[in-house]
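[1] how would this look folded up:
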Amino acid sequence: MVSETSEKMLEEKIRASLVNGKLPCAVAFKIAEELKVNPRKVGDMANRLKIKIASCQLGCFP
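    Below you'll find the model as predicted:
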């Protein structure tokens, strides 16, 4: 279970990393690595925030 503090930190990291309102795929993976969470968690949070993942070549983020 992820704490509310961790969720807030993830949200802040995502919002701070936006480029033209989108989150680059490589940056999403970097955030996941830095916060030691599954990349899917970053993608799920981006979806909840209605933020699109850009430049994703692997199709990891819907």
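
[2] okay, CA-based contacts and neighbour counts for the rest of this
    Noted.

[3] so for the longest helix along the chain, mean pLDDT?
    Secondary structure assigned by DSSP state H gives helix 4-16 as the longest helix of the chain. Helix 4-16 carries an average pLDDT of 92.

[4] over to stretch 37-44?
    93.

[5] and stretch 53-62, by the same measure?
    74.

[6] ranges for the strands of this protein?
    23-24, 53-54 (DSSP state E).

[7] so which residue is dead centre in the chain?
    The chain has Val42 as the residue nearest its centroid, 3.3 Å off, counting by Cα atoms, centre = their mean.

[8] correct me if wrong: that one contacts Lys30.
    No. Using Cα atoms under 8 Å, Val42 makes no contact with Lys30, being 9.9 Å away.

[9] how about Ser55, what does it touch?
    Going by Cα atoms under 8 Å, 6 or more residues apart in numbering, Ser55 touches 24-25.

[10] measure it to Ser17 for me?
    Between Ser55 and Ser17 the distance is 14 Å, computed by Cα to Cα, to the nearest Å.

[11] quickly list what's touching both of the two.
    With Cα under 8 Å, 6+ apart as the test, Ser55 and Ser17 reach no residue in common.

[12] identify the residue spatially nearest to Glu11, adjacent ones excluded.
    Met45 (6.9 Å; Cα to Cα, 6 or more residues apart in numbering).

[13] any idea how far Leu35 is from Asn20?
    Distance from Leu35 to Asn20, by Cα to Cα: 23 Å.

[14] cool, and Met45?
    Met45 is 18 Å from Asn20, where distance means Cα to Cα.

[15] what's the neighbour count on Ile14?
    22 (other Cα atoms under 10 Å).

[16] can you check Glu34 too?
    10.

[17] sorry, back to before: looking at Met45 and Asn20, which is more packed in?
    Taking neighbours as other Cα under 10 Å, Met45 and Asn20 compare with Met45 leading, 16 against 8.

[18] wait, doesn't Ala46 sit right on Ser17?
    No. In this structure, Ala46 is not within contact of Ser17 by Cα under 8 Å, at 11.3 Å.
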